[in-house]
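need the 3D shape of this:
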Amino acid sequence: MSVFIRNGRSLSRYINSSLSIGLLCLVPRIGQAQNTELVIQAGTTMGVAGDALVLNNLDLHVNGSLAANEGTVWLTGSNNTSYNGTGIAVIRRLQLNTGPGAILSMNNWMEVTGTLTFTQGLIDLNGQQLQLKGSATLQGESETSRITGVTGGSVAGFGPVVNAPNQLNIGNLGAMLTSSADLGAVSILRIHIPASFPGSPPPQGIQRCYLIEPTFDAGLNATLRFYYLDAELNGNDTGTLVLWRSPDGVNWTQVGFDSRNSTQKYVEKEGLSSLSFWTLANATDPVVTTQTAFKVSCEGPVAIVQWETAAEGNLDYFLVQRSSDGAEWTTLNKVPATNNPTGSSYVYKDNQPAGSSYYRLAIADQTGAVGYSAAFSGGCADIPIPLTLYPNPAESQATAQVSVRQATMGTVVITDMNGQRVYQAAWSLQAGLNQLTIPVVGLAAGNYIVRLILPGATTQLAQLLKK
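Numbering: from 1, shown residues only. Got it, this is the predicted structure:
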């Protein structure tokens with residue numbers, strides 16, 4: 001058996017083809033051009049018992065086996081390091097305390113049977129798997145010390161047999177489950193490749209996904225609380241994050257949310273009947289893709305609320321809502337969606353309108369996601385609705401949305417916070433809902449004022465944040 005250090009002092013022992021270490025600190029020579037590498041040759045077992053193995057700015061190459069079943073392996077130093085080889089590394093306690101931003105790149109799989117504790121530094125999965133065996137857990141992950149892996153790889157956790165679990169967080173991986181059902185044994189994979197969704201350009205999920213697989217996966221009535229880190233947001237806005245699910249990790253459906261907390265960094269959804277692949281991303285508004293017209297007109301004392309859709313296939317219902325101030329809304333009626341593949345027309349009559357009433361639609365799809373139409377103001381008065389913008393913040397383009405009672409011409413003007421005009425375009429408005437795409441990719445990051453100037457010196461204002 002032989003264990004040796006490349007580019008440093010050799011360490012060689014012949015003790016029944018195994019080496020057991022109490023305390024050993026390995027430090028490369030000062031001024032070396034590259035990291036020293038601790039190599040465990042094929043056929044060799046290196047044990048760590050009782051105390052610790054400290055690897056300071058050392059790469060680890062295991063072709064035999066590293067059996068740290070009792071002691072602790074410390075990774076220290078300010079250099080980027082790597083873990084390589086074709087053998088097996090089983091570590092009970094692994095402590096990461098390297099320099100700020102220092103990365104351990106995994107080029108081989110590893111087992112942790114106790115705790116992996118993060119103090120400082122990053123672990124890049126690099127297409128490999130880190131297995132948390134038994135009751136092993138991650139401890140102390142933070143914005144500056146955590147697991148990454150946008151090129152592939154996963155962290156695997158294996159939970160016990162559970163019946164009606166309450167806030168089960170296998171391996172402390174950040175997917176917390178509560179259910180009234182018998183789930184059996186539960187396994188979980190945490191993956192750091194962001195998901196892509198339909199669209200142009202396709203929106204991206206955060207840099208964290210889960211595959212959750214219980215033995216019994218039906219009628220779960222489960223609650224999933226999905227934790228994340230700000231460093232994983234991948235351009236998403238914490239204020240509009242919702243859960244998305246997939247049966248295969250490729251085709252994703254928006255599920256929505258019941259609660260979210262940007263301080264504690266989680267999004268939660270209740271009433272899930274089954275589990276599969278999950279990730280977080282900003283909500284895509286059902287309004288944008290389904291609603292093509294929305295208007296309110298008057299027949300004597302009655303306000304007629306009318307709207308039309310394009311192709312339907314995943315809608316559930318519409319709520320007709322009214323407000324006296326545009327802030328507090330009351331639901332007047334629930335209208336089931338027809339799900340006509342060529343679109344449908346809908347109408348609702350409000351027998352008690354007021355001249356200052358606002359109207360809008362809450363549009364729900366079959367996943368539970370809800371979007372809102374623009375608000376049509378004025379009741380039976382002839383007043384245009386407020387201007388709305390989405391997405392906001394915007395990165396490459398934004399869409400302006402407004403409804404008017406009659407066809408007219410308008411002008412869209414964007415100014416910066418110093419009053420300098422940066423964009424202007426004419427807008428031909430038709431009766432009902434109108435949408436205009438505004439290119440903002442060339443604008444500097446910051447806040448802007450968008451004005452829609454209508455005939456009669458009427459101006460609608462909205463604020464736009466450019467990322």
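
A400 against I438, yeah?
Yes. A400 lies in contact with I438 (CB atoms under 8 Å); the separation is 5.8 Å. The C-beta positions use only the backbone N, C-alpha and C, and glycine is treated the same way.

what touches both of those two?
389, 412, 450 (CB atoms under 8 Å, 6 or more residues apart in numbering).

can you list the low-confidence ranges for the stretch 51-200 of the chain?
198-200 (pLDDT under 70).

please redo it, this time with the cut-off set to 50
Along the stretch 51-200 of the chain, the model assigns pLDDT under 50 to residues 200.

just the strands in it please.
58-62, 65-77, 81-84, 88-98, 103-106, 110-124, 129-132, 137-139, 145-148, 154-163, 175-178, 182-191 (DSSP state E, counting those that start in this stretch).

please apply the same query to the stretch 301-450 of the chain.
302-309, 315-323, 330-336, 345-350, 358-365, 370-372, 376-377, 388-390, 397-404, 408-416, 421-429, 432-439, 446-454.

now those strands in TSV, please, with extra columns for mean pLDDT and mean neighbour count.
Shown next, in TSV, are these (pLDDT from 0 to 100; neighbours: other CB atoms under 10 Å):
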stretch	mean pLDDT	mean neighbour count
strand 302-309	84	20
strand 315-323	88	19
strand 330-336	93	13
strand 345-350	92	16
strand 358-365	83	22
strand 370-372	74	17
strand 376-377	64	23
strand 388-390	80	19
strand 397-404	82	22
strand 408-416	90	17
strand 421-429	91	13
strand 432-439	81	17
strand 446-454	88	17
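
between the ones you listed, which one is closest to K133.
strand 358-365 (40.7 Å; CB to CB).

now do that closest one against strand 315-323, angle only.
160 degrees (axes from the mean of the first three to the mean of the last three CA atoms, to 10 degrees).

what packs against strand 358-365?
In this structure, strand 358-365 packs against helix 286-290, strand 291-299, strand 302-309, strand 315-323, strand 370-372, strand 376-377, with contacts taken as 3 or more CB pairs under 8 Å, 6 or more residues apart in numbering; DSSP states H and E.

go again with 6 Å.
With contacts defined as 3 or more CB pairs under 6 Å, 6 or more residues apart in numbering; DSSP states H and E, strand 358-365 has these neighbours: helix 286-290, strand 315-323, strand 370-372.

how about the nearest residue to G410, chain neighbours excluded?
Nearest non-adjacent residue to G410, counting by CB to CB, 6 or more residues apart in numbering: W427, 4.4 Å away.

can you redo the helices and strands packed on strand 358-365 as TSV with distance to N418?
Below are the helices and strands packed on strand 358-365 laid out as TSV (distance: least, CB to CB, whole Å):
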stretch	distance to N418
helix 286-290	32
strand 315-323	35
strand 370-372	32
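
for S135, find the nearest of those.
Per CB to CB, nearest to S135 of the helices and strands packed on strand 358-365: strand 370-372, 39.6 Å.

and that closest one, what does it pack onto?
strand 358-365.

buried sites along stretch 36-43?
Counting neighbours by 16 or more other CB atoms under 10 Å, one finds that the buried residues in stretch 36-43 are 36-41.

possible to save those residues as a markdown table with distance to P393?
Output for these, formatted as a markdown table (distance: CB to CB, whole Å):
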| residue | distance to P393 |
| --- | --- |
| T36 | 47 |
| E37 | 46 |
| L38 | 47 |
| V39 | 50 |
| I40 | 50 |
| Q41 | 54 |
